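Engineer: the amino acid sequence is not available; the structure is as follows:
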Ligand code: PGA
């Protein structure tokens, strides 16, 4: 059984005061579901990781922290960068790697993403690797070709165990647009990703959890979670409200249990 996982990617949003308010709302609204049956992760901007780790420690919330990016060296002359060791040091367990906004606006290539993935795993962080096709690639029916290359070149010689990392399938055209694939279309890609991992490590092998991302809301999450190979969600816009993030978890977990 793969534990459903919900990630709130705040991107470049919220001040520390707003983050505190968010956590207060979560404490009030925390979904009353068996705690072992799901997992939630917040990915705030770097600068908030340390104070939020402290706030979470002092709260009753059981929630993981993810960085939105990481450098591939542990230390050195890389002005403006943050290393995997620094993330571990402040109590961050997860890191999003290869988000399409980093690929598009910051020129991150599969080769660079491979280095980041390797560094994060070496440091004992749990990477959340994002893959997905653009609208043009989809129209040209190159979706799997693109994703297969992102996985193959991102991994290269790495073979993380199923619980050492997570995958997020995020069609670029669905991010922040209000558009989504149908749950069946998303499921088809998730299954291809899962089969790709099975082909690497054997038919019966466990595979990492695969989250869907791209305009997920508390309204559409249930339909995605009813699909066999969709193990959770990576939400941007809809995760900025603590209430809607809680609703999403509730709806998502219930749909999985049905
Ligand atoms: P969105 O973003 O939910 O706002 O579409 C998802 C993401 O970029 O991770």
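Structural biologist: Sure thing, it's come through. Worth saying up front: this structure is predicted, and the values here are computed from it rather than measured.
Engineer: show the residue spans covered by the helices in the stretch 1-150 of the chain.
Structural biologist: 16-29, 49-57, 84-89, 100-105, 110-122, 135-139, 143-155 (DSSP state H, counting those that start in this stretch).
Engineer: can you list the buried residues in the fourth one?
Structural biologist: So the one you mean is helix 100-105. Within helix 100-105, the residues that qualify as buried are 100, 101, 102, 103, counting by 16 or more other CB atoms under 10 Å. Glycine gets a C-beta too; all of them are placed from N, C-alpha and C.
Engineer: nearest residue to the first one other than its sequence neighbours?
Structural biologist: Here the nearest residue to residue 100 in space, its sequence neighbours aside, is residue 172; by CB to CB, 6 or more residues apart in numbering that works out to 4.6 Å.
Engineer: circling back to that earlier point, now distance to residue 93 and pLDDT too, for the buried residues of helix 100-105, in JSON lines please.
Structural biologist: Below are these laid out as JSON lines (distance: CB to CB, whole Å; pLDDT from 0 to 100):
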{"residue": "100", "distance to residue 93": "23", "pLDDT": "98"}
{"residue": "101", "distance to residue 93": "22", "pLDDT": "98"}
{"residue": "102", "distance to residue 93": "20", "pLDDT": "98"}
{"residue": "103", "distance to residue 93": "23", "pLDDT": "98"}
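Engineer: re earlier: of all the helices of the stretch 1-150 of the chain, which one is nearest the ligand?
Structural biologist: helix 100-105 (6.6 Å; CB to the nearest ligand atom).
Engineer: mind telling me which residue of the stretch 151-258 of the chain is nearest the ligand?
Structural biologist: residue 236 (2.4 Å).
Engineer: quick one: pLDDT of that residue?
Structural biologist: We have a pLDDT of 98 for residue 236.
Engineer: let's have the helices of the stretch 1-150 of the chain in CSV, adding distance to residue 67.
Structural biologist: Below are these laid out as CSV (distance: least, CB to CB, whole Å):
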stretch, distance to residue 67
helix 16-29, 14
helix 49-57, 6
helix 84-89, 5
helix 100-105, 12
helix 110-122, 9
helix 135-139, 27
helix 143-155, 17
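Engineer: could you dump the ones you listed to CSV with distance to the ligand?
Structural biologist: Shown next, in CSV, are the helices of the stretch 1-150 of the chain (distance: least, CB to the nearest ligand atom, whole Å):
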stretch, distance to the ligand
helix 16-29, 16
helix 49-57, 17
helix 84-89, 19
helix 100-105, 7
helix 110-122, 15
helix 135-139, 14
helix 143-155, 15
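Engineer: surely residue 65 meets residue 42?
Structural biologist: Yes. If you go by CB atoms under 8 Å, residue 65 and residue 42 touch, sitting 5.9 Å apart.
Engineer: more neighbours: which of those two?
Structural biologist: Higher neighbour count among residue 65 and residue 42: residue 42, with 26 against 21, using other CB atoms under 10 Å.
Engineer: pLDDT score assigned to that one?
Structural biologist: With respect to pLDDT, residue 42 has a value of 98.
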